[in-house]
Structure formats: C-alpha cells, structure tokens
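Novice: Fold the following for me, if possible:
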Amino acid sequence: LRRFRILARYGATTYHLFNGFCLGWPQEYDVSDHEAVCPISLIDGLGVLALTNGGDNAFILDSATEGILDSDRLGGEGGAIVTELSGERVSRVLDINGWPTSERDIDDGESIVSADFPSGSALSYLQKVERSEDGFFYAAADGTLTFLDRNSRQTVTRIATSQATFDDDLTDLSYSSLSYQYDAETLYNDIRL
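Specialist: You can find the predicted model right below:
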C-alpha cells in the first residue's frame with residue numbers, strides 16, 4: 001500500500017489525475033528480451049476501505065498481522081451505538097480506519113443514520129450510509145474521500161449541470177466502443193458460498 005500520485009502538467013497548471021495505493025510489486029522477467037518488468041496495480045481510498053471487515057463495533061483489516069484498527073468508536077457512552085447525521089457517521093468510520101482528516105471533504109448530511117453495528121467492509125458500510133442519504137461518496141482525483149449530501153444534486157454545479165455529451169454521430173464527443181472488464185481483480189463487497 002505504498003502511496004502513488006499521478007499528475008499532469010498543462011502549461012503552468014498541474015492537474016491531479018489519480019491518488020492511490022499500490023497493491024503489490026509483481027515481478028516478471030522476459031527471457032527472450034532480457035527485460036525485467038514490474039506491472040503494478042493501484043487502488044484509490046475506496047479500494048483500501050474495501051479491504052477491511054466490520055464486526056463487533058470495529059473494522060479489521062483482512063491481514064491478521066495488522067489487527068483491529070480501532071474499537072468502540074461508533075459508540076456513545078459505554079460503547080452504545082448512537083443515531084447521528086449521515087456525515088457524522090461517515091467521519092466516524094473514516095476515523096476508525098485511520099483516514100487523515102486533511103484528506104476528507106464531508107458534508108454534514110440531512111438524514112439521521114440508525115444506531116446499528118457495522119458489518120461487511122468499511123466501504124460497503126459507507127455505501128449504505130450514502131444510499132440512506134441519497135448522496136455521493138467517492139474518492140476525488142487528488143485522493144480526498146468526499147461525501148456529498150442529497151442537496152448537492154442542486155447546489156454543486158458539476159453535478160447539477162451536464163459536463164459532456166457523448167454521441168454516435170462523430171460531431172461532438174464521440175466514442176468508438178464500450179466494454180466491460182471481467183477479471184479476477186474485481187472487488188466484491190459480499191461473497192457467500
């Protein structure tokens with residue numbers, strides 16, 4: 001999980017394209033070309049949250065060596081789970097997972113989230129909060145984990161106004177094909193056998 005940032009410079013302006021983490025360092029060696037290659041896979045903050053499992057009022061990384069990230073942090077006094085605004089719940093779950101406050105942009109939210117214990121990954125839990133708010137939870141290009149409440153559909157210009165229109169007639173922004181990727185790297189929130 002080494003940190004990676006991908007930037008692009010156009011003129012005097014630098015743009016964030018991606019901010020995430022490396023999943024590993026797989027090494028390949030092509031004997032015919034005498035060439036060593038290390039093709040890396042990167043995930044954003046949502047991918048990191050998908051690597052945790054929740055239960056017993058805590059989130060635990062899949063790796064047993066990492067252990068429990070924290071406990072009793074969704075609770076009020078005596079560890080009791082409390083009802084709160086959706087933005088407060090998102091912040092609590094990110095606190096539990098150690099996500100820096102400087103890398104968050106969290107709206108307060110409009111919905112009251114019920115007093116329930118976390119289950120599944122931190123990402124699947126936050127997606128439930130997102131659905132209950134009817135808002136948005138995503139990783140921005142600069143790596144900031146962002147939670148927008150339901151009012152953002154009318155108040156945030158880039159959401160309320162179409163940013164681009166793709167079409168088939170080659171006039172504006174055309175595309176040649178659309179395809180889906182079905183591979184072993186797809187992340188699943190819940191698998192039962």
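Novice: Residue nearest the middle of the protein, spatially speaking?
Specialist: Leu46 (1.9 Å; C-alpha atoms, centre = their mean).
Novice: any idea how far that residue lies from Gly20?
Specialist: With distances taken as C-beta to C-beta, to the nearest Å, Leu46 is found 9 Å from Gly20. To be clear about C-beta, it is placed using only N, CA and C from the backbone, and glycine gets the same treatment.
Novice: Overlap of the contact sets of those two?
Specialist: Ala139 (C-beta atoms under 8 Å, 6 or more residues apart in numbering).
Novice: The residue nearest to the centre of the chain should be in a helix, yeah?
Specialist: Yes. Assessed with DSSP: H, G, I helix; E, B strand; the rest coil, Leu46 lies in a helix.
Novice: Identify the residues contacting it.
Specialist: Contacts of Leu46 (C-beta under 8 Å, 6+ apart): Leu123, Tyr138, Ala139, Leu145.
Novice: Identify the bridge partners of Gly10.
Specialist: Quick fix: residue 10 is Tyr, not Gly. Thr13 (DSSP bridges).
Novice: just checking, next helix/strand downstream of the lowest-mean-pLDDT helix or strand in the chain?
Specialist: The helix or strand of the chain with the poorest confidence is strand 68-71; it has a mean of 42 (mean pLDDT, DSSP states H and E). For strand 68-71, the following helix or strand on the C-terminal side (DSSP states H and E) is strand 84-85.
Novice: Adjacent strands (with direction) for that next one?
Specialist: strand 112-113 (antiparallel).
Novice: Skip ahead from the partner strand and say which helix or strand is next.
Specialist: helix 122-133.
Novice: Mind exporting the C-alpha coordinates of stretch 144-151 to CSV?
Specialist: Provided in CSV are the C-alpha atoms of stretch 144-151 (Å, rounded to 0.1, in the frame of the first residue of the first chain):
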residue,chain,number,x,y,z
THR,A,144,-9.7,13.2,-1.0
LEU,A,145,-12.6,11.0,0.2
THR,A,146,-15.7,13.0,-0.4
PHE,A,147,-19.2,12.7,0.9
LEU,A,148,-21.9,15.0,-0.5
ASP,A,149,-25.4,15.1,0.9
ARG,A,150,-28.7,14.9,-1.0
ASN,A,151,-28.8,18.7,-1.6
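Novice: Which residues belonging to that stretch are considered buried?
Specialist: By neighbour count on 16 or more other C-beta atoms under 10 Å, the buried set for stretch 144-151 is Thr144, Leu145, Thr146, Phe147, Leu148, Asp149, Arg150.
Novice: Which single one of the residues you listed is nearest to Asp108?
Specialist: Of all the buried residues of stretch 144-151, Asp149 has the smallest distance to Asp108: 6.8 Å, by C-beta to C-beta.
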